[in-house]
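Novice: structure of the sequence below:
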Amino acid sequence: MPSRIAVIAIDAVRPELVAEFWCEVLGWRVVADDGEVVSIGPADSTWPTIDIAAVPEGKVVKNRLHLDLRADGATTQQELQRLLALGARRTEVGQAPDSSWVVLADPEGNEFCLLSRSVQEVIDETPRPEDSSR
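Specialist: Here you go, the predicted model:
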């Protein structure tokens with residue numbers, strides 16, 4: 001049996017701030033907070049969760065791992081505006097000028113991407129089993 005992702009870990013100087021940002025972005029909630037690590041997850045308690053752990057140092061280099069998001073229930077442009085209003089900021093990590101995604105950073109500089117197509121656009125383009133029988 002293969003492994004499953006249980007937790008995605010993010011280091012932060014201010015875990016509460018980063019947790020609040022990601023809860024708003026994903027529509028999640030805080031599921032645990034021990035003062036050192038704030039855990040957030042979906043309302044239905046499915047995996048994975050994100051643990052935001054307190055560390056003394058600030059971010060100094062580009063992330064080696066990041067999240068890619070798709071707009072869900074809104075256009076990509078609407079979602080970009082929402083993310084910026086929540087405190088995300090555009091960032092440059094060496095992406096091509098004509099990239100189909102937007103690179104953003106959370107309040108502590110952790111990069112993530114907003115992909116060009118929404119969830120609905122991807123679903124609409126996904127072949128359905130009944131389509132393959134013809």
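Novice: just the pLDDT for the spatially most central residue of the chain.
Specialist: By C-alpha atoms, centre = their mean, the chain has its centre lying nearest to Leu67, at 4.6 Å. On the pLDDT scale, Leu67 is placed at 90.
Novice: from Glu121, how far off is the closest residue to it other than its chain neighbours?
Specialist: Leaving aside its sequence neighbours, Leu67 sits nearest to Phe112 (C-beta to C-beta, 6 or more residues apart in numbering; 4.4 Å). For glycine as for every other residue, the C-beta is placed from the backbone atoms N, C-alpha and C. According to C-beta to C-beta, to the nearest Å, Phe112 and Glu121 sit 19 Å apart.
Novice: between the two, point out the one with more neighbours.
Specialist: Legend: neighbour count by other C-beta atoms under 10 Å for Phe112 and Glu121, higher for Phe112 (20 against 15).
Novice: does the more buried one sit in a helix or strand, and which one?
Specialist: Here Phe112 sits within strand 111-114, counting by DSSP states H and E.
Novice: now what about that strand, what contacts it?
Specialist: Strand 111-114 is contacted from outside by 62-63, 66-71, 76, 79-80, 83, 88, 91, 93, 101-106, using C-beta atoms under 8 Å, 6 or more residues apart in numbering.
Novice: need the buried ones from these selected in ChimeraX.
Specialist: In ChimeraX syntax, the buried subset of those is picked out as below (16 or more other C-beta atoms under 10 Å):
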select :67,69,70,71,76,79,80,83,88,91,101,102,103,104,105,106
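Novice: from the contacts of strand 111-114, which land in strands?
Specialist: Residues of those located in strands (DSSP state E): Leu67, Asp68, Leu69, Val102, Val103, Leu104, Ala105.
Novice: hang on, isn't Val18 packed against Asn110?
Specialist: Yes - in terms of C-beta atoms under 8 Å, Val18 counts as a neighbour of Asn110; the distance is 7.4 Å.
Novice: what touches both of the two?
Specialist: By C-beta under 8 Å, 6+ apart, the residues touching both Val18 and Asn110 are Ile10, Ala12.
Novice: phi, psi of Leu65?
Specialist: phi -140, psi 140 (degrees, to the nearest 10).
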